[in-house]
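Q: Sequence first, predicted model second:
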Amino acid sequence: MFQPPRCPNRQCRQHHDPKPRFCRRNGFYRASCRPRPIQRFLCRTCGRGFSRQTFRMDYRDHKPHLNAPLVRLLVSGVGFRQSARQLNLSLTCTQLKFRKIARHLRRLDLNLRGSLPPGSSLQFDEFETYEGERNTRPLSVPFLIEGKTRYVLWSEAAPIRPRGRMSEKRKQAIQASERRHGPRKDLSARGIRRTMQRGADVAKHLTFIVLHTDEKSIYPGIAREVFGESRLVHVRTNSKVARDTLNPLFPINHSEAMIRDLTGRLRRDSWLTSKLRRYLDLGLALWGTWRNYVRRRFNYDEESPAQLLGFVPRRLRVTELLSWRQDWSRESLHPLAQGGTTIAAWKRRPPVS
Ligand SMILES: [Zn+2]
């Protein structure tokens, strides 16, 4: 039976420090999009009403049953328009659903992750894509994974200055673009630092941090700054070494190939491009969470990357990813909890043997 863990009203005392029996049951309501009646509650302190649905990720959604099918299409390289056609949704509705779901999944992934176990090793690389127009608005995407489990720790896009061969036509296009959007800044160092910091956050207690990268000259300085010089073991591999399975960077190269293939907007020569960087970031978050919690590490494995790292006891289903809302950090409900257990309380539980 579902027990509300707190009053959803942020102004209420029972939101921050809920006491037992802070609310009482208050009947049911029926919604045409849901098969069962939904329990209502009333907070005894602030008098506000809420329901079990208030704690769900699809709270207030239209056609909530299409959320999971949409995620499955978007992590399979299908674009927004084709997804909209397949699900019989409008394009705007598809985009709005995507943004809400991706923000939710980014929070879920951060809430569920714990500390990396000893023996973990990090792999970092960058790949390039663009927003709006390839010639004038390139992006660099720093990408950090745990090498053994392929767990995606972070990726986010950063603007870079256009470079490479400059024809007269291209120079004019760059000028026109800068008149429209302002001078294009190079924020790639900030993106690298922020991405590496996500690794440092889950590696605080490790005695040594093994980091694999290529030989780009900017990496050692940022890595020392983020991870601390004394415990960093930085292994650098020349980019000219053959990119086969024996290459030390094979795990990250392989993960990059996978995200490029399965996120339509990262594919080369595709017309599925991101118009805005922030929505590319959401696409990266959506794919990363699915990769970490739903997909097996390798096809012959039973476990997901997050499961191998001990963050969750089993692989999650897409519908479980889309269960409880995650905007109260670790005080949000655990996706595998039915009765109202928070992630913090779930992580304190003794392991079931
Ligand atoms: Zn209240």
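A: That came through, no problem.
Q: Which residues of the stretch 1-150 of the chain lie near the ion?
A: Residues of the stretch 1-150 of the chain that fall close to the ion, judged by CB under 5 Å from the ion: 7, 9, 12, 14, 43, 45-46. (Each C-beta comes from the backbone N, C-alpha and C, glycine too.)
Q: among these, which are in helices?
A: residue 14 (DSSP state H).
Q: Need the residues of the stretch 1-150 of the chain next to the ion in CSV (columns: neighbour count and distance to residue 204).
A: As requested, these are arranged in CSV below (neighbours: other CB atoms under 10 Å; distance: CB to CB, whole Å):
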residue, neighbour count, distance to residue 204
7, 24, 33
9, 17, 34
12, 18, 34
14, 19, 33
43, 23, 37
45, 15, 37
46, 16, 38
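Q: Rebuild the residues of the stretch 1-150 of the chain next to the ion as JSON lines, extending it with pLDDT.
A: Below are those laid out as JSON lines (pLDDT from 0 to 100):
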{"residue": "7", "pLDDT": "96"}
{"residue": "9", "pLDDT": "95"}
{"residue": "12", "pLDDT": "96"}
{"residue": "14", "pLDDT": "96"}
{"residue": "43", "pLDDT": "97"}
{"residue": "45", "pLDDT": "97"}
{"residue": "46", "pLDDT": "97"}
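Q: okay, among the residues of the stretch 1-150 of the chain next to the ion, which ones form the most distant pair?
A: Farthest apart among these by CB to CB are 9 and 45. That separation is 8.9 Å.
Q: Distance of residue 38 relative to the ion?
A: 19 Å (CB to the ion, to the nearest Å).
Q: Run a quick neighbour tally on that residue.
A: 16 (other CB atoms under 10 Å).
Q: just use 54 as the starting number from now, easier for me
A: Will do, 54 is the new start, and the previous item becomes residue 91.
Q: just checking, it touches residue 104?
A: Yes. With contacts counted by CB atoms under 8 Å, residue 91 reaches residue 104, the gap being 5.2 Å.
Q: residues shared between the contacts of the two?
A: Residues touching both residue 91 and residue 104 (CB atoms under 8 Å, 6 or more residues apart in numbering) are residue 82.
Q: residues near the residue in the stretch 104-253 of the chain that the ion sits nearest to, how many?
A: Proximity of the stretch 104-253 of the chain to the ion (CB to the ion) peaks at residue 107, 11.5 Å away. Neighbour count for residue 107, taken as other CB under 10 Å: 18.
Q: Does it touch residue 61 like I think?
A: Yes. With contact defined as CB under 8 Å, residue 107 counts as touching residue 61 (4.9 Å).
Q: hey, what's in contact with both of the two?
A: Counting by CB under 8 Å, 6+ apart, residue 107 and residue 61 have no shared contacts at all.
Q: Skipping its backbone neighbours, what lies nearest residue 247 in space?
A: Leaving aside its chain neighbours, residue 247 sits nearest to residue 209 (6.6 Å; criterion: CB to CB, 6 or more residues apart in numbering).
Q: same deal with residue 151?
A: residue 127 is the one closest to residue 151 (CB to CB, 6+ apart), at 6.5 Å.
Q: any chance you could map the helices in the stretch 254-403 of the chain?
A: Remark: helices assigned in the stretch 254-403 of the chain by DSSP state H, counting those that start in this stretch are 272-280, 303-315, 330-346, 358-361, 371-374, 396-401.
Q: Which of those helices sits closest to the ion?
A: Taking CB to the ion as the criterion, helix 396-401 is the member of the helices of the stretch 254-403 of the chain that comes nearest to the ion, at 19.9 Å.
Q: what sits against residue 300?
A: 290, 294, 306.
Q: Buried only: go through those for me.
A: Neighbour counting with 16 or more other CB atoms under 10 Å marks residue 306 as buried within the contacts of residue 300.
Q: of the contacts of residue 300, closest to residue 186?
A: Checking the contacts of residue 300 one by one against residue 186 (CB to CB), the nearest turns out to be residue 306, at 26.9 Å.
Q: Identify the residues contacting that closest one.
A: 178, 296, 300.
Q: Among those residues, which lie within strands?
A: Among the contacts of residue 306, the members falling in strands (DSSP state E) are residue 178.
Q: I'd like the contacts of residue 306 written out as JSON lines, with pLDDT and distance to residue 199 added.
A: Output for those, formatted as JSON lines (pLDDT from 0 to 100; distance: CB to CB, whole Å):
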{"residue": "178", "pLDDT": "98", "distance to residue 199": "13"}
{"residue": "296", "pLDDT": "90", "distance to residue 199": "20"}
{"residue": "300", "pLDDT": "96", "distance to residue 199": "17"}
